[in-house]
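1. Coordinates for the following, if possible.
(2 chains, ligands or ions: 1)
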Amino acid sequence: MKYTLVAWMRDKPGVLNRVSGMMRRRNFNIDSLQVGHSETEGISRMTFVVDGDDRMVDQVIKQLRKVVDVTRVVDISDRPAVIREMALVRVATTPQTRPEIVQVVNIYRGDIVDVAMDSMVVQIVGSEDRVDSLIDLLSHFGIQEMVRTGRVALLRGATGKRTKRSTAVWKAQASNGHHAEKEAQKA
Amino acid sequence: MTQSDQSSYITDEPRRMTGAEMVWEALLHEGVDIIFGHPGGAILPTYDALSAHEEGGRIHHVLVRHEQCAAHMADGYARSTGKVGVCIATSGPAATNLVTGLATAQMDSVPIVAITGQVPTTLLGSDAFQESDVVGVTQPVCKHNYLVTDVNDLPQIMKEAFYIAREGRPGVVLVDICKDVQNDSGLFRYDYEIDLPGFEPYPEVDESAVAAAAQAINQAERPLIIAGHGVQLAGVSEQLRELAEKAELPVVTTLLGAGDLPESHPLSLGMAGMHGEAFANRAIQSCDVLIAMGMRFDDRITGSLDRFAKQATIIHFELDKAEVGKNIVPDIPVIGDLAKTLPDLLPQVNERKHQIWLQELKEWRDDTTQTDIINFEVDELIPPYVIRQLWHSTKDVKEGAIVVTDVGQHQMWESQYYIHDHVGQLLTSGGLGTMGYALPAAIGAQMANPGRLVWAVAGDGGFQMTLQELAVLKQERDLPVKIAIINNGFLGMVRQWQQLFYGKRYTGTPILAPDFVKLADAYGIPGLVVTKPEEVAAALEQANNTPGPFLIDFRVKEDVNVYPMVAPGSAVDDLIRRPKPVVVQGYSGIEPSW
Ligand SMILES: Cc1ncc(C[n+]2csc(CCOP(=O)(O)OP(=O)(O)O)c2C)c(N)n1
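-> Just a heads-up that it's a prediction; the model follows:
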């Protein structure tokens, strides 16, 4: 399963390297990673997508928290959030295909941000699925070059109580799976 | 260098000084009186600023012969005192030489601050002479590290470095200081508030977890404690003993947990794991509640994870959240400082007896004593005998001797045959398993504890990795470290694996050694060769009674193996036992430890 994690870190030289180095060292696989400024000066915000299971993600979070420059880590995978990606796609055009491409882009509520004689640049912002499916369609016309950001995510307002996955996982495992299994074995 | 020399010097007045001077000023504020290092170009300004403090008797610098050993000495200093050890080296090759020593310390949660010189800021990244990206190279083996490019940042960075190294789970922090920064001047003050929002050294204790642990312990019929290095680091060995006695909980330890409970205590089962005693491992596989304290379920202790203590409810007391659930998923995680959780737990645990369980353990123990070779033939010199005699000759020393082992068979024999009755008396590289550790770490421990008896126990292989540090014993005015070389002519532990798992093809393991006694003599250090069992006690006696350093070259039988042994990938109770005993009538040289 894919998990979306958000980490805040002090904007110090080398901090990205600390985080990515830790991920590599611990053999965690990053699907995508997006860094930028946060609302607080001096603090950067990173959005990660990692592929794995609950236990692995629990480790990723804990190891991230151990990086001294990382100030906060939140797993927003199962919390209400706005999640977006952006892609810029330069697609080949001919006089014949151009209207069709425009139509497709409009349906996806994308924008055409540059037009040349034999190509145009399409911009799309949306969920990963929407971006995927537009790219899929555009590929029939011939994609010359493409760039995608990773996921960026923001929690929706009024989300209520924060739960910590780390403890939640143990508690869940202790109360059902693992512990119960052992109890059953003992009986 | 005494505390009073230091304290009369230290002032809280902010003062202008060079970066080089700031380094020492910060060390003095941290109460550092001994550092281990080796000079060179990029750190020269800092060395120059040391002279005033050396002359003033405030800081003593120990000159090492290889920077790896500076880190090991700082490690031995730190492990034997609980204080932060400090090592210092120049840029490039010197800094990269430090890496093994830093990794060794970091793996075993030892607090070290390492200071390195770096090329001037103007040359950074240009492949300048003796430039290496030390912050990049050491990042994976450090808790944190810094590159200092502005003299005004230096005091605060030094303060943070000590704080991070020491607080929470201890570890290594490296501070890499550009040469021009050492020469630049700035204002030194040390009254900074530490402000590290991302550093949470002591996570909040969840009292309900402690209560759940107490309840599980109270209900247990076959409880077992497995204690690790964390008990020593948190300084709670006394409380551990209280807990064990109150609820009659038997205790096994990890290698680094040796002495958490005195090993001669009736509730101690000694070390578990790959070379643990059969009954200790069997206890793990038969308990109903396993109480892990300050340990991290390393593969050397668990064997096959899939088959580790499956029957048991596992309680994990641990400071480092990331260790909880990493290898073993506990049923009851108790995250927090043992110095808090253990005292919280104690009153909630009921006084109890576990007679049936203890009787069962005793029977296994007796069976082990009978089946496994504890009594060896004595006309040959065998390593376990040497180690047991070493224990005999040092067991009555006040506070116990500090024993520093290298890595290999002798390290395991030491853990099996030396009876560790004092917490923290064994210093060894458990996590990284670094050959060459013993001599330099023993030097560090002896420098920190001038009044204590310190023994370095090494194999003929590992000793040859760092033997150049013999010179330090001499240069430090006959530092009285005693050295026992368990000389079997092989890289013994590897030879054992080749014998058991690689068809007895002994590639690369027969090892030639110099005449160690002559070598010691060349350094002006006395020594003895011992070839017969009957010479052992007298030689040890002589070493213990000789002021200053002493080396004994024990020429032991070549092909003795360490047993019991859990083959890699096996369950911990699936052991290769010791071969059938050869009982020698009337001989009691090696009596069982129980
Ligand atoms: C720096 C380093 N290199 C290699 C090893 C692998 N290794 C582990 S034990 C061992 C043999 C050690 O031989 P020796 O020092 O003679 O001790 P013995 O096992 O004979 O007691 C080796 C090579 C290691 N642990 N550390």
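
2. Quick check: phi and psi on the nearest residue to B:Trp24 once chain neighbours are set aside?
-> Setting aside the residues directly before and after it, B:Trp24 is nearest to B:His53 in space (Cβ to Cβ, 6 or more residues apart in numbering or on different chains), at 5.3 Å. To be clear about C-beta, it is placed using only N, CA and C from the backbone, and glycine gets the same treatment. Backbone geometry at B:His53, expressed as degrees, to the nearest 10, gives phi -80, psi -30.

3. Show me the longest helix that occurs in chain A.
-> helix A:54-66 (DSSP state H).

4. export that one as PDB, just CAs?
-> Extracted in PDB, the C-alpha atoms of helix A:54-66 (Å, rounded to 0.1, in the frame of the first residue of the first chain):
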ATOM      1  CA  ASP A  54       2.100  -0.600   8.200                       C
ATOM      2  CA  ARG A  55       5.200  -1.900  10.000                       C
ATOM      3  CA  MET A  56       7.600  -0.500   7.500                       C
ATOM      4  CA  VAL A  57       5.900   2.900   7.500                       C
ATOM      5  CA  ASP A  58       5.900   2.900  11.200                       C
ATOM      6  CA  GLN A  59       9.700   2.400  11.000                       C
ATOM      7  CA  VAL A  60      10.100   5.100   8.400                       C
ATOM      8  CA  ILE A  61       8.200   7.600  10.600                       C
ATOM      9  CA  LYS A  62      10.300   6.700  13.700                       C
ATOM     10  CA  GLN A  63      13.600   6.800  11.800                       C
ATOM     11  CA  LEU A  64      12.600  10.200  10.300                       C
ATOM     12  CA  ARG A  65      11.800  11.500  13.800                       C
ATOM     13  CA  LYS A  66      15.300  10.500  14.900                       C
END
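
5. other SSEs contacting that helix?
-> strand A:2-10, helix A:15-25, strand A:43-51, strand A:70-75, helix A:165-175 (3 or more Cβ pairs under 8 Å, 6 or more residues apart in numbering or on different chains; DSSP states H and E).

6. Show me the strands paired with the very next helix or strand once past the second one, marking each as parallel or antiparallel.
-> Beyond helix A:15-25 in the direction of the C-terminus, DSSP states H and E gives the next helix or strand as strand A:30-37. Neighbouring strands of strand A:30-37 in its sheet, by DSSP bridges, are strand A:43-51 (antiparallel).

7. List the buried residues of the partner strand.
-> Neighbour counts over strand A:43-51 (16 or more other Cβ atoms under 10 Å in any protein chain shown) mark A:43-50 as buried.

8. contact partners of it?
-> Contact with strand A:43-51 is made by A:1-11, A:15-16, A:19, A:28-38, A:56-57, A:60, A:71, A:150-153, as judged by Cβ atoms under 8 Å, 6 or more residues apart in numbering or on different chains.

9. which residues touch the residue in the stretch 201-350 of chain B positioned nearest to chain A?
-> Closest residue of the stretch 201-350 of chain B to chain A, Cβ to the nearest Cβ: B:Ala322 (3.8 Å). Applying Cβ under 8 Å, 6+ apart to B:Ala322 gives the contacts A:59, A:62-63, A:65-66.

10. Show me what the strand or helix carrying B:Glu25 is packed up against.
-> Using DSSP H and E, B:Glu25 maps to helix B:19-29. Applying 3+ Cβ pairs under 8 Å, 6+ apart, we find helix B:19-29 packed against helix B:44-55, helix B:154-166, helix B:179-183, strand B:185-188.

11. repeat that with 6 Å
-> Counting contacts by 3 or more Cβ pairs under 6 Å, 6 or more residues apart in numbering or on different chains; DSSP states H and E, helix B:19-29 packs against helix B:44-55, helix B:154-166, helix B:179-183.
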